[in-house]
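[1] Next one to model:
(chains A and B)
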Amino acid sequence: AQSVAQPEDQVNVAEGNPLTVKCTYSVSGNPYLFWYVQYPNRGLQFLLKYITGDNLVKGSYGFEAEFNKSQTSFHLKKPSALVSDSALYFCAADSWGKLQFGAGTQVVVTP
Amino acid sequence: DGGITQSPKYLFRKEGQNVTLSCEQNLNHDAMYWYRQDPGQGLRLIYYSQIVNDFQKGDIAEGYSVSREKKESFPLTVTSAQKNPTAFYLCASSPHRDGTEAFFGQGTRLTVV
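    From the prediction side, this is the model:
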């Protein structure tokens, strides 16, 4: 079965420290990969995506993600986290029009 | 303004009643999706549609039904057969080409009492 996995339910980081949120996928073909962020009781907001080309993609609010085909991973990173980055982060894969999401990772950034 | 609109934001229904959640987009997107969000389970795909008059079951379609009679509309009906309907429901749309990202509505929180 095709799936997207986010192995960490929660990531805690101090403000100013680097942030990493992990994602691995198991889907057929060459999927498009995405990261979204969700604030309480809201819809999802797009952060960045990987389609093809350079394995390091840059997105909104200083976030970036590294695509690794051999490890089927697409980890989200930010060099210096802010308290305002505290939110729920979702990784997603689009394979043949079926857009699937991971379970989400709660990021908590402490001052 | 272009966007995707879900209504209502909050919905309460008695057990055993069918209820329909609205999703409208004016982005001229071909594809539309419905997801259910429960704590700790992420977004689970209920139904998706890549073109008008066509839709496919997602991972948890049982107890739900949809229609796609118009490009801009993709209503979701939660039937009485859905055993645990209380959840946050999210609708999304995308152009469905070249990896363009999906846009999400603000969600509908359904509570069945």
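[2] and chain A, which of its residues are near chain B?
    A:6, A:9, A:32, A:34, A:36, A:41-46, A:49, A:51, A:90, A:94, A:97-104 (Cβ under 8 Å from any Cβ of the partner chain). For every residue, glycine as well, the C-beta is placed using N, CA and C.
[3] Narrow these to those that are buried.
    With burial judged by 16 or more other Cβ atoms under 10 Å in any protein chain shown, the buried subset of the residues of chain A next to chain B is A:6, A:32, A:34, A:36, A:42-46, A:49, A:90, A:94, A:97-104.
[4] For B:D30, see how far away the spatially closest residue to A:Q6 that is not a sequence neighbour is.
    Nearest non-adjacent residue to A:Q6, counting by Cβ to Cβ, 6 or more residues apart in numbering or on different chains: A:G102, 3.8 Å away. Remark: distance between A:G102 and B:D30 (Cβ to Cβ, to the nearest Å) = 25 Å.
[5] okay, now the closest residue to A:N55 other than its chain neighbours: neighbour count?
    Nearest residue to A:N55, sequence neighbours excluded (Cβ to Cβ, 6+ apart): A:F67, at 4.6 Å. For A:F67, the count of nearby residues is 18 (other Cβ atoms under 10 Å in any protein chain shown).
[6] my guess is A:F67 meets A:L33, correct?
    Yes. Between A:F67 and A:L33 there is a contact under Cβ atoms under 8 Å: 6.6 Å.
[7] what's the overlap in contacts for those two?
    A:Y50, A:F74 (Cβ atoms under 8 Å, 6 or more residues apart in numbering or on different chains).
[8] for residue 79, what are its contacts?
    If you meant another chain, say so; for now it's chain A. A:P18, A:G62.
[9] To clarify, I was referring to chain B.
    Per Cβ under 8 Å, 6+ apart, neighbours of B:T79: B:N18, B:G63, B:Y64, B:S65.
[10] Point out where the chain drops to low pLDDT.
    The chain I'm using is chain A. A:1 (pLDDT under 70).
[11] Sorry, I should have been clearer: chain B.
    Applying pLDDT under 70 to chain B flags residues B:1-2, B:97.
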